[in-house]
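Trainee: give me coordinates for this.
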Amino acid sequence: MRLSIISYTIQYAKGLVVAHTRQCYGDQTIYAGKQGALTQIPVDEIIYLKADNKYVAVRTANQEYLITESLKTLEKQLPTFFVRIHRNALVALPLLQGLVNDYDDGGVCAYFKEIDEVLNVSRRRVTFIRRKLGMR
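Mentor: Sure thing, here's the model as predicted:
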């Protein structure tokens, strides 16, 4: 007999369906959607999660989704290959291409293999991320 644990809640906010994570047989999926349609997002397709006010943007190679789960709660539930690079962002380490200096503001940014976007890395996390990537 196979047991599965399913724990997700759906909330409606301004016609947008937002949902929480679900764990089943060790595979993780995040549910999100728009206008009543619920979409499954496999965790291994997520490139990054970024907090913005009361929502978290979940970015995949093809699309961005919004959920209401806090970044702190997601960090506890997601696999260990998701690492925090800033107080507002978690990234999937296998999809992180590298770090680059941002000469405009003197900081460091993370760039990715599948998308042409960068995220700021906090100064406190730069050394940790460099070690994880095998950089000096």
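Trainee: can you tell me how far residue 126 sits from residue 47?
Mentor: 19 Å (CB to CB, to the nearest Å). All C-beta atoms are positioned from the backbone trio N, CA, C, and that covers glycine.
Trainee: these two: which has the busier surroundings?
Mentor: residue 47 (20 against 16; other CB atoms under 10 Å).
Trainee: isn't there a strand covering that one?
Mentor: Yes - per DSSP: H, G, I helix; E, B strand; the rest coil, residue 47 lies within a strand segment.
Trainee: which residues does it contact?
Mentor: The contact partners of residue 47, taken as CB atoms under 8 Å, 6 or more residues apart in numbering, are 59, 60, 61, 91, 92, 95, 112, 114, 115.
Trainee: which of those fall in strands?
Mentor: Among the contacts of residue 47, the subset assigned to strands under DSSP state E consists of 59, 60, 91, 92, 112.
Trainee: which two from the residues you listed end up farthest apart in space?
Mentor: 60 and 91 (12.6 Å; CB to CB).
Trainee: ok, the two, which is more surrounded?
Mentor: More crowded of residue 60 and residue 91, by other CB under 10 Å: residue 91, with 24 against 16.
Trainee: so the more buried one touches residue 85, yeah?
Mentor: Yes - between residue 91 and residue 85 there is a contact at 5.4 Å, judged by CB atoms under 8 Å.
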